[in-house]
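Novice: Sequence first, then the predicted structure:
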Amino acid sequence: MFSISAVPIDPSIHHAALREPAAGACVTFEGWVRNRNEGRAVVSLEYEGYDAVAVKEGERILAEARERFAIAGAVCIHRTGHLRLGDMAVWVGVSAGHRGAAFDACRYIIDETKLRLPIWKKEHYEDGDSEWINCQAVPTAIARPVTLPG
Amino acid sequence: MFSISAVPIDPSIHHAALREPAAGACVTFEGWVRNRNEGRAVVSLEYEGYDAVAVKEGERILAEARERFAIAGAVCIHRTGHLRLGDMAVWVGVSAGHRGAAFDACRYIIDETKLRLPIWKKEHYEDGDSEWINCQAVPTAIARPVTLPG
Amino acid sequence: MTVHVAYFAILREERGCSGETIETTEATALGLYNALRGTHGFSLPADRLKVVINEEFQPWDHALSDGDAVVFIPPVAGG
Amino acid sequence: MTVHVAYFAILREERGCSGETIETTEATALGLYNALRGTHGFSLPADRLKVVINEEFQPWDHALSDGDAVVFIPPVAGG
């Protein structure tokens, strides 16, 4: 089950959904707001999501994880809105018969989530500046030309 | 911090100890009592530990994880006593600046814990039988001779 | 034809609104983005973006149809 | 000399007690285990076990000293 939450994530609710008599392992990942990113002091951040498509893509990632790994249950919740230092930005939980599959699937889900979900992060820095992460314009000299993908 | 617990593990207490302003990732592992092991229906189990040495060895494993991986905090709690289906047998939590180190260290800690800690598991089966896991006597024909290690 | 464009994140800020309905003669999503970039001065070139049409990711040369819901997807940073 | 032996898990069950103080002339932990195995019929041979002396893992040929606390470690199964 994948969802977007505009309010603080409470993992305990979702954790219960992972329980299964045949599950002997549960691996969770939590992403927390760090006080630094690439050397800059962060004071808070905003996540903005294209919720309808993020949920579709998130469910696709969970389905892929279930196909690739022998897991029992998988949940991913992504936060949106204004977050402060230490707040939970994302929670992934996976249960499985054995720990190898639980670790691998949890890692797969968070890796793909970061790569594919239409969710954006704006960091606010101590110096008053702010920035949409990964969205800096590249100097024209090194930008690739705009062409139709082949 | 490593500890042995004769009462149910409450991860929330230990989870708080992993918080750190520079930590952006937290990975946890929970081992749950499964309803089957190697095809046999399990009804409950007992963990028995040589606590003093288990704690020393557990602290050694956590120190190794801190040396090998760029992590912020690491905690492992192992349960002893009589456990029922679904009960938590072990909890590992690791926080780190980035998720790769958190996943790798968490995996390292549970793998080494299973290999090295003087903790034993006796499974009780639906058919009334019970067995100390890994402790079956091997038929004489295939047993290696008892010699001093070289 | 008429298309509905929604803006998120840096595009929303650069456009100053979260969506608009547009009359266009552009045949593809790429043509539409480049036209809008010319008008609104979006900082990111199309090759840094992806495009979602009617809630599905599509190639940039996907032909637009009347009534399409078009969303340009800046580089993501979830997690 | 006198050594204190503690038993855990399958050894505790096979011995029927969790520890005992023993007078022994065995020079090594291996000699002591094999002697005790002969007396008590422990099912596991020494090469399936490890040995802890005074709370530290030691090689089987570790020389015993008067007053040592000796624990034979059956195959573990934590986690």
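Specialist: Okay, I see it.
Novice: Helix or strand next in line after the longest helix anywhere in chain C, which one?
Specialist: Determined from DSSP state H, the single longest helix within chain C is helix C:29-40. Using DSSP states H and E, the helix or strand that directly follows helix C:29-40 along the chain is strand C:50-53.
Novice: Send me that following strand as CSV with only the CA atoms.
Specialist: The C-alpha trace of strand C:50-53 is given here as CSV (Å, rounded to 0.1, in the frame of the first residue of the first chain):
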residue,chain,number,x,y,z
LYS,C,50,9.5,14.5,-18.2
VAL,C,51,5.9,14.8,-19.2
VAL,C,52,2.7,13.3,-17.8
ILE,C,53,-0.4,13.3,-20.0
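Novice: Show me the strands paired with the next helix or strand after that strand, marking each as parallel or antiparallel.
Specialist: Under the assignment DSSP H and E, the closest C-terminal helix or strand after strand C:50-53 is strand C:56-58. Within its sheet, and counting by DSSP bridges, strand C:56-58 is paired with strand C:50-53 (antiparallel).
Novice: tell me the mean pLDDT for the partner strand?
Specialist: Averaging pLDDT along strand C:50-53 yields 98.
Novice: Not counting it itself, show me its contacts.
Specialist: Here strand C:50-53 makes contact (C-beta atoms under 8 Å, 6 or more residues apart in numbering or on different chains) with A:50, A:53, A:118, C:29-30, C:33, C:57-60, C:62, C:64, C:68-73. For every residue, glycine as well, the C-beta is placed using N, CA and C.
Novice: Just the buried ones among those, please.
Specialist: Buried members of the contacts of strand C:50-53, counted by 16 or more other C-beta atoms under 10 Å in any protein chain shown: A:50, A:53, A:118, C:29-30, C:33, C:57-58, C:60, C:62, C:64, C:68, C:70-73.
Novice: what about the helix or strand hosting A:F103, near chain B?
Specialist: Applying DSSP H and E as the criterion places A:F103 in helix A:99-116. Yes. Using C-beta under 8 Å from any C-beta of the partner chain, helix A:99-116 comes into contact with chain B via A:99, A:102-103, A:106-107, A:110.
Novice: Just the closest of these to B:V92, please.
Specialist: A:R99 (10.0 Å; C-beta to C-beta).
Novice: Thought A:V27 was touching the closest one, still the case?
Specialist: Yes. Taking contacts as C-beta atoms under 8 Å, A:R99 lies within contact range of A:V27: 7.2 Å.
Novice: ok, so what distance separates the nearest residue to C:S43 once chain neighbours are set aside from chain D?
Specialist: Counting by C-beta to C-beta, 6 or more residues apart in numbering or on different chains, the nearest residue to C:S43 once its immediate chain neighbours are dropped is A:A137, at 4.1 Å. Distance, A:A137 to chain D, by C-beta to the nearest C-beta, to the nearest Å: 50 Å.
Novice: tell me the SS of A:A137?
Specialist: Per DSSP: H, G, I helix; E, B strand; the rest coil, the local secondary structure of A:A137 is coil.
Novice: wait, it sits on C:L44?
Specialist: Yes. Applying C-beta under 8 Å as the test, A:A137 and C:L44 come out as touching, 6.2 Å apart.
Novice: And those two? Which one has more around it.
Specialist: When neighbours are counted by other C-beta atoms under 10 Å in any protein chain shown, C:L44 comes out ahead of the other of A:A137 and C:L44, with 21 against 12.
Novice: So which residues on chain C come close to chain B?
Specialist: Checking chain C against chain B by C-beta under 8 Å from any C-beta, there are no hits.
Novice: tell me, what residue is most central in chain C?
Specialist: C:F72 (3.6 Å; C-alpha atoms, centre = their mean).
Novice: okay, that one: pLDDT?
Specialist: 98.
Novice: out of everything not next to it in sequence, what's closest to it?
Specialist: C:L49 (5.0 Å).
Novice: Chain A: helices as residue ranges?
Specialist: Under DSSP H, chain A gives helices at A:11-16, A:51-68, A:99-116.
Novice: Now flag whichever of the buried ones among the contacts of strand C:50-53 is closest to chain B.
Specialist: A:P118 (20.3 Å; C-beta to the nearest C-beta).
Novice: is residue 4 in a bridge, and if so with what?
Specialist: Chain wasn't specified; assuming chain A. Applying DSSP bridges, one finds that A:I4 bridges with A:H78.
Novice: that answer is for a different chain, and I need it for chain C
Specialist: With DSSP bridges as the rule, C:H4 is bridged to C:T21, C:A69.
Novice: Tell me which residues touch it, please.
Specialist: So C:H4 contacts C:19-22, C:67-70 (C-beta under 8 Å, 6+ apart).
Novice: The residues you listed into JSON lines, with extra columns for distance to A:S5?
Specialist: Below are the contacts of C:H4 laid out as JSON lines (distance: C-beta to C-beta, whole Å):
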{"residue": "C:G19", "distance to A:S5": "23"}
{"residue": "C:E20", "distance to A:S5": "28"}
{"residue": "C:T21", "distance to A:S5": "30"}
{"residue": "C:I22", "distance to A:S5": "32"}
{"residue": "C:G67", "distance to A:S5": "31"}
{"residue": "C:D68", "distance to A:S5": "29"}
{"residue": "C:A69", "distance to A:S5": "24"}
{"residue": "C:V70", "distance to A:S5": "27"}
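Novice: just to revisit the earlier point, same for chain D: which of the residues of helix A:99-116 next to chain B are within range?
Specialist: Counting by C-beta under 8 Å from any C-beta, no member of those reaches chain D.
Novice: Show me where chain A dips below the pLDDT cut-off.
Specialist: For chain A, the stretches with pLDDT under 70 are A:139-150.
Novice: So the residue nearest to the centre of chain C sits against C:D47, correct?
Specialist: No. Look at C:F72 against C:D47 with C-beta under 8 Å: they stay out of range, at 11.9 Å.
Novice: Please name the nearest non-neighbouring residue to the residue in chain C positioned nearest to chain D.
Specialist: Nearest residue of chain C to chain D, counting by C-beta to the nearest C-beta: C:G79, 28.3 Å away. With sequence-adjacent residues excluded and distances taken as C-beta to C-beta, 6+ apart, C:G79 is closest to A:K114, at 3.7 Å.
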